[in-house]
Structure formats: C-alpha cells, structure tokens
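Undergrad: turn this into a model:
(one chain, ligands or ions: 1)
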Amino acid sequence: MTLIVLNFKCYRESTGQEALRLAEICEDISRDYAVQMVVVPQVADIHAISETVKIPVYAQHVDGVGYGGFTGHVTAASLKAAGAAGSLINHSERRLKLAEVDAAISACRNAGLETIVCTNNVAVTRASAALEPDYVAVEPPELIGSGIPVSKANPSVIRDSVDAVKCIAPHVGVLCGAGITHGEDLRSALELGSIGVLLASGIIKAKDQRKALEDLVTGA
Ligand code: G3P
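TA: Numbers count the residues shown, from 1 in each chain. Next up is the predicted model:
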C-alpha cells in the first residue's frame with residue numbers, strides 16, 4: 001500500500017486544534033482511498049492526536065538518549081508513552097550527526113518505535129540505510145517547500161537511492177520527498193521505485209487541505 005507521510009512541521013495551519021483537524025482529514029483519506037497515511041505533528045500535539053485517530057502518528061525528531069539528566073531532549077520512551085508509532089530522524093530542518101542518527105534509531109528500536117531517516121543525497125542514503133531504519137526519505141533540501149517535485153527535478157537521486165538501498169538493506173523502504181504536491185508527483189515517485197512520499201507544504205498550505213490530499217491520491 002502506498003505510504004503518504006505528512007510532516008506538519010511548525011506551520012500555523014497544522015498546530016494545536018488545526019493539527020487535530022488535519023489528522024482527522026488524513027484518517028478519512030487513508031480509509032477512503034486505501035493509502036497508508038502517517039501524520040507527523042509537533043511533539044506537543046502527539047498525545048491528543050494519537051488519542052483521536054487510528055492512523056500512525058510520528059514525531060518530527062527524537063534524541064538518542066535514555067532516561068536521566070537531560071534537558072530539552074525528546075526521548076523515544078516519552079514519544080511511545082504519548083502514543084507515537086515512530087519518528088522522523090535527521091530531517092534537513094533538524095539535522096543530526098551520523099552517530100546521533102545511529103543512537104536515535106537504537107533508542108526508537110528499544111522503545112518499539114518505527115524510524116524514517118531523512119537524507120539529502122545518495123551517499124547519505126547509503127550511510128543511513130546501513131543503520132537499518134525502517135525507511136529512508138530522500139529529500140534534496142533545495143527543493144523543500146519549493147513546489148518543484150524532486151521526482152521531476154532530480155529523478156536520479158531517487159532512482160540511485162533506491163538502487164543503493166536495495167544493495168545495502170533491501171528491507172528498508174525508500175520514500176521520496178521535497179516539492180511533492182500533485183498526483184502526478186506521487187505517480188512519478190512510485191515509478192522511480194519509492195514506496196511513497198514525505199511531504200508538507202503542498203498540502204498544509206493549500207486553501208483546501210482535504211481537496212489537496214484527494215488530488216494527490218486520486219491523480220496517482
Ligand atoms: O518533511 C517533508 C518536507 O521536508 C518536504 O517539504 O514542503 O517540500 O513538501 P515540502
């Protein structure tokens with residue numbers, strides 16, 4: 001089943017009550033169009049959303065630390081307790097060092113959370129796949145928020161990432177991100193060998209978020 005991961009980022013249109021409303025729309029889309037939607041709200045919104053919808057709720061970031069004297073960190077255990085099913089790691093707006101990515105994946109694994117590691121090019125995809133997250137999401141940062149789909153602007157980074165992951169860790173799923181908005185973007189992402197997309201502004205900033213999601217999934 002096609003995987004559609006909607007990163008709520010810190011947009012006004014996907015914060016607090018708006019986040020809850022958007023998550024409910026995503027649940028409707030998941031059910032009505034037989035796609036697997038995952039919502040990725042801000043950490044403070046995770047609990048309320050996970051109590052309201054049945055689709056998976058991921059965090060936008062997790063730190064690879066356990067219990068103890070840490071301040072301002074997000075632990076995998078706290079995410080799990082709040083109802084999260086997984087977390088993004090190393091998003092280009094929340095970059096980590098490789099060792100921190102590794103620690104974050106381990107922390108999630110121990111807590112029973114799934115992981116999506118974001119990467120910016122084929123080399124980083126390779127390094128990330130070797131750490132065996134559940135998914136890698138390939139997102140060239142220059143295309144994020146641009147409305148120019150990576151699947152059109154730079155298809156080779158997706159195709160080559162898919163090939164690299166097949167060799168290194170074939171069970172790791174590859175997602176395609178950056179500038180994905182329309183059904184044709186999703187379709188070309190799937191044609192390039194990804195199993196779905198990670199997206200944000202094309203849906204969240206749309207005048208009608210439900211319609212934007214419907215266009216995405218029905219045009220594919
Ligand atoms: O995490 C999704 C992301 O960075 C892509 O953003 O706005 O280009 O869909 P956007």
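Undergrad: strands of the chain, residue ranges please.
TA: Ranges of strands within the chain are 3-7, 36-40, 58-59, 86-89, 114-119, 135-138, 173-177, 196-199, based on DSSP state E.
Undergrad: now for the shortest one, which elements pack on it?
TA: Here strand 58-59 touches strand 36-40, strand 86-89, going by 3 or more Cβ pairs under 8 Å, 6 or more residues apart in numbering; DSSP states H and E. Backbone N, C-alpha and C define where each C-beta goes, glycine included.
Undergrad: pick the most deeply packed of the strands of the chain.
TA: strand 135-138 (a mean of 30; mean count of other Cβ atoms under 10 Å).
Undergrad: can you list the strands that that strand pairs with?
TA: With DSSP bridges as the test, strand 135-138 is paired with strand 114-119 (parallel), strand 173-177 (parallel).
Undergrad: ok so, going back, can I get the helices and strands packed on strand 58-59 in CSV with mean pLDDT and distance to the ligand?
TA: Converted to CSV, those look like this (pLDDT from 0 to 100; distance: least, Cβ to the nearest ligand atom, whole Å):
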stretch, mean pLDDT, distance to the ligand
strand 36-40, 98, 7
strand 86-89, 98, 7
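Undergrad: by mean pLDDT, which helix or strand of the protein comes out lowest?
TA: Using mean pLDDT, DSSP states H and E, helix 150-153 stands out as the lowest-scoring helix or strand of the chain, at a mean of 86.
Undergrad: what about the nearest residue to residue 146 once chain neighbours are set aside, how many neighbours?
TA: Distance criterion Cβ to Cβ, 6 or more residues apart in numbering; nearest residue to residue 146, sequence neighbours excluded, is residue 179 at 4.9 Å. When neighbours are counted by other Cβ atoms under 10 Å, residue 179 registers 25.
Undergrad: residue 179 touches residue 197, doesn't it?
TA: No - between residue 179 and residue 197 there is no contact, the gap being 10.1 Å when judged by Cβ atoms under 8 Å.
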